[in-house]
Structure formats: C-alpha cells, structure tokens
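Novice: sequence and predicted structure are below.
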Protein chains: 2
Amino acid sequence: MKAAVPITIASLKVACAQCNLLELCLPFGMSENEIDRLDELVGARRKIKRQQHLYRAGDPFEAIYAIRAGSFKTDVLLEDGREQVTGFQMTGEMLGLDGISTETHSCNAIALEDSEVCVIAYDKLEELARVVDGLQHQFHKVMSREIVRDHGVMTLLGSMRAEERLAAFLLNMSQRFTARGFSAAEFHLRMTREEIGSYLGLKLETVSRAFSKFQDEGLIAVQQKHIRILDIAGLKKLIQHHPSRC
Amino acid sequence: MKAAVPITIASLKVACAQCNLLELCLPFGMSENEIDRLDELVGARRKIKRQQHLYRAGDPFEAIYAIRAGSFKTDVLLEDGREQVTGFQMTGEMLGLDGISTETHSCNAIALEDSEVCVIAYDKLEELARVVDGLQHQFHKVMSREIVRDHGVMTLLGSMRAEERLAAFLLNMSQRFTARGFSAAEFHLRMTREEIGSYLGLKLETVSRAFSKFQDEGLIAVQQKHIRILDIAGLKKLIQHHPSRC
DNA sequence: TTTTGTGGTTGACGTGGATCAACGGAGCAT
DNA sequence: ATGCTCCGTTGATCCACGTCAACCACAAAA
C-alpha cells in the first residue's frame, strides 16, 4: 500500500459506467442501475510502473484489482529460488482473487508495462454484493472463470508437448487481444521468452526454438516480441493432434 | 440428474448443524445461527457409486456439491482422447465450482469409491448468501482456496521433476487425511497409478518407479494402494531441494 | 480348480527437452 | 560513436522421462 499514488478528484469521477472496459470487466452483464452503484466501489486508481509489484506474496489482502490499462504477470517463488509464472493478465481482468482464502496474497503481481488498476476494497465489495443482485453473481462468475482457466493451464502443463503448449499460448493471446478490439493476427507480447517458458513449464531456449520452428513452417512471423500469425488453422491443428496417435 | 437417488424424509433431517464435517466444509467459521439457516440450502443428498459420474463436462450447471462421504476425481478429456485429471476431492470439499462461469460444467466428476454428496442449489446459495453474512464470505473463501490450490498444482507441473511431484502429492494427501482425523502416516489411496500420473503430468510407469525408489530409500512403505510414510522429513526435503542447484 | 481382466512392477531402449555454451542484436547511458 | 546489459537465437550434448514389452498379483467369473 505504501506505493499508492495520490488520486485527484478528477480521476475519481471516471468510474465503471464511463469505462470502455465494461464488457470485459466485473460489470459485464449488470444493468445500468447496478453499474452506477459500482462507482461507490472503485475507491481509487493506482498506477504501477513497469517491473513494479502491485502486491507481493505475503502481503495482507485488502482489495482486488481490475486492470484499467497495461498488463501484469503473477508468479510464485519456490523456497529454492525457482520462479513459476501462474498467469498473464490484460485489461479488464482481475488480480488478487487468490488472497481471499487466507487473507494474505499468495503470489506476486508485477506490471509488464506501465499500468493502471482500479482498487476495489474487498469488504466494500462483499457489502455491495449483498445489495446489488448482479454484482454478486458476476463476481462469482469471475472467480469461477479463473478456476476454469487454471484447469486449462493444468491440462496444458500435464499433457501437452512443447510446441503444443506454445501454439495454445499464442491462440489464447490472439483470442484475448481480439476480445479487446485488437488484431487477432498481429500483436506485441509484453513478456520475455523466459516468462513465457516459466508459464508453459519450458526453458527459454525451448520457447525460442519453437518460435523459430513455427516461423520456418510458415505458421507465424516473429520479430522479437512482435508476433504475426499467418496460419491460425495450422496452429489449431497442432494442439488437437497428438503426434503419437497419428 | 437422471442418476439422482430418491431421498427419504429421515435423510433430509440430518443437515449441516449435525454434520461432523462442519470444520472442513462450507459452514467453517460461521456462527451457530448462521449454520442453522444452511439447512434450507442442502436440498437433497445424492449417492454415487464407484466409477459413476456426479456430473459430466457439458452438463448444465444447477448446483454445487459438498462431499459427505467418499472421494472423487475431476478430469477433462481433450479432443484427441487424452485425459487430464485436474483434482482429487475428499470429504468436506466442494465440487462443481467450475460450472458457475459458463453455466455449464467444464469437467467430469467421477466417484473413486461409493460416495455421497450434499446437493446445494446454486440459485438458493446466492439468495441465502445475500442474507447470511458469513455464508457469502465463506463461499468466496472456498472459491479462492480452489484458485490457490490450482496455482500450487501449476507450480508442481511447471517446475518440479517426477520424484518431487510424487513427494508433494503424498505430503498433500497425508495433510488432508490428518485434517480429517485419520493417520498422517498411513492411508489408502483410492486412485490408480494412472490417475495419479495424469494428475501429476507423468506416465503410470514413472509413478510406479518413483514409489519403488521411495520404498528402497526407506521413505515410505508401499503395498498396492496402501501407503505408510516412514520419513516425512525426508519427503519434505525432496521438494525443497532442487538437485541441479546442489 | 482354471480363466480372464485389471492394475502394478520392472527392464531395455529411445527421445524431447534441459543444459551448457557461444554469439548476435537492441536499447540505453556515457 | 563506445561500451554495457539484457534478451533472444542457435548448436552440441546429456539425461529424465516416455515408450514398449514382459511379467506378476489379485479379484471376479467360469
């Protein structure tokens, strides 16, 4: 909390009802009346510079965060120094849900670029969710969606080979960019090969080699962090076909 | 739903307040008054025989389930026939939370032994959570706990080697048996080597070999599905030390 | 009793991805 | 420009785990 940035009256005025992330964020599916009441909820905005922590594992849990601009990674550090990236989050997505269970954050949230989040005090959220019908349901959906997504990652880590994992990752990124109105075929990754590797359970060299292989095969065009998908169907085929079953 | 077993008036009478799983289940941390109201929630019990489905991926979501007796696995089937076990659930744990987000179950839940669950209609739960303070908070905690647990599995799948994974699995089982009043050192696994392997991202042969190795090293005694842990500290040391860093 | 089927163990061998190492390019400060 | 640092690529080698296969234990059926 020490890193909180002072907020002006003006910045407080722009809340959920005016936010262009409405369709992706917590308010999705709520009525106009209900959304107006959300303004009570978003107490502050907070800007986080690239590489800075939004929160750290062990921090007391007080709020969840909706990403208004930018992107984040979450990771956990094992006792022996190994790092595991547990997710990448984009605008409209929620951070901090892991903290509810123990009232302590269980992972680190780090900005991949200069970013801004809406701070949602958790006690206020519970209070308001009791009154505003749609809010409670929507919040449950957000949590459930996180569980489903994690199961997807478990499947990826547990039963896919390196190239399948990277193909699935690229398709997932493409789909999320699309949902935000960006191109499905061309985008800029904000994370390093090492972070992608950690997320996918691979070493950075393996990630790099898979990128090169996809490029050689004409599936994508890679230039550093800039990706252009040339053959979406080809990528999809990769994750559906188990090579040993062919 | 077609597999539902008719319930007698008598069976309905025994609800949360009298249930000995209180401390593990949804009511944990709620006041006596609050728990009494939960009885409205548990509409029915349902018995599931070994190997039968409680629900399947694609089934419409209507209720969540608290395990009253027995145990389950959840899994997803990939298009190409691969199966990935996403979790094992024991008494007092919840099933079905994944269904909230899309109003459709996203995985299969299968009984590992003859089991019984409490059926908690989801719409009633939302309704009651609005009135009973502790229930809403407790339900959020249950969902959050699932997210944290999934992150733990992702860490395991993404950054541990085979023996570390199995050691972590055994310690986790031991800890959960302990929480239920059973021995921490001696227990009966209800799942096959193949299911353990699927959960841990390993082949059944690798699981079997790791069991044998642990036995040779005096860490455990294995006899089929019956496990006796002889050296808990030794197992813990396995998951804290990264071999390549020694 | 034998038969059949399912689950578990163990050995021999192959391979996908980790590891180790060298190098190249981009961004940034001086 | 020059040097520095971080990031990414690529090659050579290694090994943990997968694959393939044989065999065994136990349980249920004949």
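Specialist: The structure has been received and is ready for your questions. Numbering: from 1, shown residues only, chains lettered A, B, ... in the order given.
Novice: only C-alpha atoms from now on, for both contacts and neighbour counts.
Specialist: OK.
Novice: which residues touch the residue nearest the centre of chain A?
Specialist: Centroid check for chain A by CA atoms, centre = their mean gives A:Q89 as the closest residue, at 1.4 Å. The contact partners of A:Q89, taken as CA atoms under 8 Å, 6 or more residues apart in numbering or on different chains, are A:67, A:71-74, A:95.
Novice: can you list the residues of chain A near DNA strand D?
Specialist: Proximity of chain A to DNA strand D (CA under 7 Å from any atom of the strand) is limited to residues A:191-194, A:204-209, A:211-212, A:222-225, A:244.
Novice: quick one, which of the residues you listed are buried?
Specialist: Neighbour-count burial (16 or more other CA atoms under 10 Å in any protein chain shown) is assigned, among those, to A:191, A:193-194, A:204, A:206-207, A:211-212.
Novice: switch those residues over to TSV; also include secondary structure and pLDDT.
Specialist: Output for these, formatted as TSV (DSSP: H, G, I helix; E, B strand; the rest coil; pLDDT from 0 to 100):
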residue	secondary structure	pLDDT
A:M191	coil	98
A:R193	helix	98
A:E194	helix	97
A:L204	helix	98
A:T206	helix	98
A:V207	helix	98
A:F211	helix	98
A:S212	helix	98
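Novice: JSON lines for those, including distance to B:K141?
Specialist: JSON lines is the format used below for those (distance: CA to CA, whole Å):
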{"residue": "A:M191", "distance to B:K141": "31"}
{"residue": "A:R193", "distance to B:K141": "34"}
{"residue": "A:E194", "distance to B:K141": "32"}
{"residue": "A:L204", "distance to B:K141": "35"}
{"residue": "A:T206", "distance to B:K141": "38"}
{"residue": "A:V207", "distance to B:K141": "36"}
{"residue": "A:F211", "distance to B:K141": "40"}
{"residue": "A:S212", "distance to B:K141": "43"}
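Novice: before we move on, which element is the nearest residue to A:H53 once chain neighbours are set aside in?
Specialist: Once flanking residues are discounted, A:H53 sits nearest to A:I110: 4.4 Å by CA to CA, 6 or more residues apart in numbering or on different chains. Per DSSP states H and E, A:I110 falls inside strand A:108-111.
Novice: chain center to that strand: distance?
Specialist: 11 Å (CA atoms, centre = their mean, to the nearest Å).
Novice: elements contacting that strand?
Specialist: strand A:53-55, strand A:72-77 (3 or more CA pairs under 8 Å, 6 or more residues apart in numbering or on different chains; DSSP states H and E).
Novice: would you mind getting the angle between the next helix or strand after it and strand A:72-77?
Specialist: Downstream of strand A:108-111, the first helix or strand assigned by DSSP H and E is strand A:115-121. Counting by axes from the mean of the first three to the mean of the last three CA atoms, to 10 degrees, strand A:115-121 lies at 70 degrees to strand A:72-77.
Novice: A:V142: what secondary structure?
Specialist: Under DSSP: H, G, I helix; E, B strand; the rest coil, A:V142 falls in the helix class.
Novice: need the residues that contact the helix or strand hosting A:A210.
Specialist: Taking DSSP H and E as the criterion, A:A210 maps to helix A:204-216. Contacts to helix A:204-216, defined as CA under 8 Å, 6+ apart, come from residues A:162-163, A:166, A:193-198, A:220-222.
Novice: would you list the phi and psi of A:K49?
Specialist: In this entry, A:K49 is assigned phi and psi values of phi -80, psi 160 (degrees, to the nearest 10).
Novice: same question, A:E186
Specialist: Residue torsions, per degrees, to the nearest 10, at A:E186 are phi -140, psi 120.
Novice: overlap between the buried ones among the residues of chain A next to DNA strand D and the residues near DNA strand C?
Specialist: A:204, A:206.
Novice: and A:A63, what are its bridge partners?
Specialist: A:A63 has these beta-bridge partners by DSSP bridges: A:A121.
Novice: now do the contacts for the closest residue to A:F28 other than its chain neighbours.
Specialist: Leaving aside its sequence neighbours, A:F28 sits nearest to A:L22 (CA to CA, 6+ apart; 6.0 Å). Counting by CA under 8 Å, 6+ apart, A:L22 touches A:16, A:28, A:92.
Novice: out of those, which is nearest to A:R45?
Specialist: A:R45 has its nearest neighbour among the contacts of A:L22 in A:C16, at 11.8 Å by CA to CA.
Novice: that closest one reaches A:C25, doesn't it?
Specialist: No. The pair A:C16 / A:C25 is not scored as a contact, 9.1 Å apart, by CA atoms under 8 Å.
Novice: one step back: tell me the mean pLDDT over the strand holding A:I110?
Specialist: For strand A:108-111, mean pLDDT rounds to 97.
Novice: strand partners (parallel or antiparallel) of it?
Specialist: Within its sheet, strand A:108-111 is paired with strand A:53-55 (antiparallel), strand A:72-77 (antiparallel), according to DSSP bridges.
Novice: which residues touch the shortest one?
Specialist: Contacting residues not belonging to strand A:53-55 are listed as A:48, A:105, A:108-111 [CA under 8 Å, 6+ apart].
Novice: would you list the phi and psi of A:D123?
Specialist: Main-chain torsions, A:D123, degrees, to the nearest 10: phi -70, psi -40.
Novice: pLDDT wise, what is it at?
Specialist: At A:D123, the pLDDT value in this model is 94.
Novice: run through the residues that contact it.
Specialist: Counting by CA under 8 Å, 6+ apart, A:D123 has contacts A:62-63.
Novice: what's the burial count for the residue nearest to A:H53?
Specialist: The number of residues packed near A:I110 is 23, by other CA atoms under 10 Å in any protein chain shown.
Novice: what ranges does chain A have for its strands?
Specialist: A:42-48, A:53-55, A:63-69, A:72-77, A:83-89, A:94-95, A:108-111, A:115-121, A:186-188, A:220-223, A:226-229 (DSSP state E).
Novice: could you check the angle the third one makes with strand A:115-121?
Specialist: Going back to what we said before, that points to strand A:63-69. Computed by the same axes, to 10 degrees, the angle separating strand A:63-69 from strand A:115-121 equals 150 degrees.
Novice: from A:F28, how far out is A:V85?
Specialist: Separation of A:V85 from A:F28 (CA to CA, to the nearest Å): 27 Å.
Novice: that should have said A:A17, apologies.
Specialist: Separation of A:A17 from A:F28 (CA to CA): 11 Å.
Novice: repeat that for A:I35.
Specialist: Distance, A:I35 to A:F28, using CA to CA: 9 Å.
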